[in-house]
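A.B. asks: here's my sequence, what's the structure:
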Amino acid sequence: MAELIKMEKSEGIATVTIDNPPMNVLSMQVTKELDEVFQTLAEDNEVIAVILTGNGEKAFMAGADIKEFPDRGANKGVVDTHAVFNRIENIPKPTIAVLNGFTLGGGLELALLCDIRIAEDHARVGLPEINLGILPGGGGTQRLPRLIGNARAKEVMFTGEPLSAEEAKEIGIVNYVISKGSGIEEATKLAKKFTNKSLQSLSRIKHLVNVGSQLSLEEGLQKEKVLFDEIFVTQDAKEGVSAFIEKRKPEFTHK
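C.D. replies: The predicted model follows:
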């Protein structure tokens, strides 16, 4: 069976590409391969940041594979999408989604797992499940409201209408809108900024932000205090402080 997920590494950056033509839909096989790739990247000491995109210019991911829905209803060989998505969301490294076209349904739910989203200006973003008489089932009803607020998220899901890239930026779904075809280039520039930092710091910041929405402010601050004390015993913290005092650029080893 041909691989539906491609991965390349260069200078601390892994680029993961969904290659399931023509619209890169989220099939069960794509879900399994995404899980395998991201679990591998989580343990790869050479990788500091991850870029996720779709092959071609039509779609990042145009939704789930509707042809598999009857099997899903019968529970035949169904992949636990929530478990896979949770693992991708919590990979201890910065992730950037490049939305290079249609980003709908499961595609938007996948993009929401990433820390930062860059949309090319021709992208269309939305959760159209309502038009099939169903609902977003890959975390959309939970992650989108946490990102843009309940009222805006409900409107997106109640209407099922896709947003333009600029509209998605205006309500906070994407961080940047850039010209068609330049998504990977822009994402790589941003990822290179991350690779110059300590993964010890990056991973803890990401963890604190991700879990913070599930905790009270007091609980979140206590967790921050624990990790703040913990990071000072890392080699990178010692290097960073020494470099500052010595007025030189730090050389982080991510240890």
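A.B. asks: wasn't Pro136 part of a helix?
C.D. replies: No: using DSSP: H, G, I helix; E, B strand; the rest coil, the assignment for Pro136 is coil, not a helix.
A.B. asks: and the contacts of stretch 172-190?
C.D. replies: By C-beta atoms under 8 Å, 6 or more residues apart in numbering, the residues outside stretch 172-190 that reach it are 13, 15, 51, 53, 57, 96, 98-100, 108, 116-122, 125, 144, 147-148, 163, 165-166, 168-169. Placement of C-beta: from N, CA and C, glycine included.
A.B. asks: just stretch 132-141 next, same as before
C.D. replies: Contact with stretch 132-141 is made by 26, 64, 66, 81-82, 85, 105-106, 108-110, 112-113, 127, 129, 144, 153, 157, as judged by C-beta under 8 Å, 6+ apart.
A.B. asks: try stretch 215-224
C.D. replies: 208, 211-212.
A.B. asks: list the contacts for the residue nearest to Val156 when sequence neighbours are not counted?
C.D. replies: Using C-beta to C-beta, 6 or more residues apart in numbering and skipping the chain neighbours, the partner closest in space to Val156 is Leu127 (5.8 Å). By C-beta under 8 Å, 6+ apart, the contact list for Leu127 reads 104-105, 108-109, 136, 140, 144, 156-157, 160.
A.B. asks: kindly supply the ChimeraX command isolating those of the contacts of stretch 132-141 that are buried.
C.D. replies: Buried subset of the contacts of stretch 132-141, written as a ChimeraX selection, criterion 16 or more other C-beta atoms under 10 Å:
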select :26,64,81,85,105,106,108,109,110,112,113,127,129,144,153,157
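A.B. asks: buried sites along stretch 47-58?
C.D. replies: For stretch 47-58, a neighbour-count test (16+ other C-beta under 10 Å) marks 47-56 as buried.
A.B. asks: dihedrals phi and psi, the residue nearest to Val156?
C.D. replies: Here is the backbone geometry of Leu127 (degrees, to the nearest 10): phi -120, psi 90.
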